[in-house]
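Student: structure for the following, please:
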Amino acid sequence: MSTDAIVVLKEDHKNVKRLFKEFQAAEHGPAGAKGRIVKQILAELTVHTYLEDEVMYPEVRRLVPDLDEEILESYEEHHVADVLCMELAKMKPDHEHFDAKVTVLIESVTHHIDEEEHGWFPRVREALSRAQLQELGARMQQLRPDAPTTPTAPKALKKTLEAIRG
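Tutor: Numbering: from 1, shown residues only. The predicted structure follows:
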């Protein structure tokens, strides 16, 4: 597999979208099947957002300052997805809000993927060299085995809570 950062992230996007389709196909099926699919979605999204937040986003902000606003928006979209993932991780598949919450997660993440792939990924590819993209992808792949797979409180939420607590 290529270590080009954009290729790595698009492969993750493809895997997540496949799981979204599986959930939608199982929407009227047994709660247990939906629960297993959602568990996979949560693990994939948790790893993916961790890699973007730790490697891709900070480096793109540093190397392509013209994309700063888009990256900040992406951080906020991750925050929303993280909160939904944390709630879903604690929710039973037969809860009356489960399907609705997964649907909102799917819509939000699909929008986020479209913005990345059609909005700022092409601009990153244009601005960075092949070697830079390979290095970023290699760093993400190096972190992947140790990345968290279960949703935890997003950094932004932790910082907000710390600020409130004083």
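
Student: so where's the protein shaky on pLDDT?
Tutor: Segments of the chain classed as low confidence (criterion: pLDDT under 70) are 1, 153-166.

Student: and the residue nearest the centre of it?
Tutor: residue 49 (3.6 Å; Cα atoms, centre = their mean).

Student: quick one: that residue from residue 97, how far?
Tutor: Distance of residue 49 to residue 97, given as Cβ to Cβ, to the nearest Å: 22 Å. (Glycine included, C-beta is placed from N, CA and C.)

Student: who are the contact partners of the residue nearest to the centre of the chain?
Tutor: Residue 49 makes contact with 78, 81-82 under the criterion Cβ atoms under 8 Å, 6 or more residues apart in numbering.

Student: of these, closest to residue 22?
Tutor: Using Cβ to Cβ, residue 81 is the member of the contacts of residue 49 that sits closest to residue 22, with 18.1 Å.

Student: now the element after the strand or helix carrying that closest one, going C-ward?
Tutor: Residue 81 is located in helix 68-89, with elements delineated by DSSP states H and E. Scanning forward in sequence from helix 68-89 by DSSP H and E, the next helix or strand is helix 98-115.

Student: selection in PyMOL covering whichever of the contacts of residue 49 are buried, please.
Tutor: To isolate the buried subset of these in PyMOL, counting by 16 or more other Cβ atoms under 10 Å, use the following:
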select buried, resi 78+81+82
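
Student: which single one of the contacts of residue 49 is nearest to residue 37?
Tutor: Closest to residue 37, out of all of the contacts of residue 49 and judged by Cβ to Cβ, is residue 81, at 16.4 Å.

Student: distance of that closest one relative to residue 87?
Tutor: Per Cβ to Cβ, residue 81 is found 11 Å from residue 87.

Student: what's the answer for residue 8, then?
Tutor: In terms of Cβ to Cβ, residue 8 sits 28 Å off from residue 87.

Student: so the two - more neighbours on which side?
Tutor: Set residue 8 next to residue 87 and count neighbours by other Cβ atoms under 10 Å: residue 8 wins out with 24 against 15.

Student: contacting residues around the nearest residue to that one once chain neighbours are set aside?
Tutor: Spatial nearest neighbour of residue 8, chain neighbours left out: residue 137 (4.6 Å); criterion: Cβ to Cβ, 6 or more residues apart in numbering. By Cβ under 8 Å, 6+ apart, residue 137 lies in contact with 2-8.
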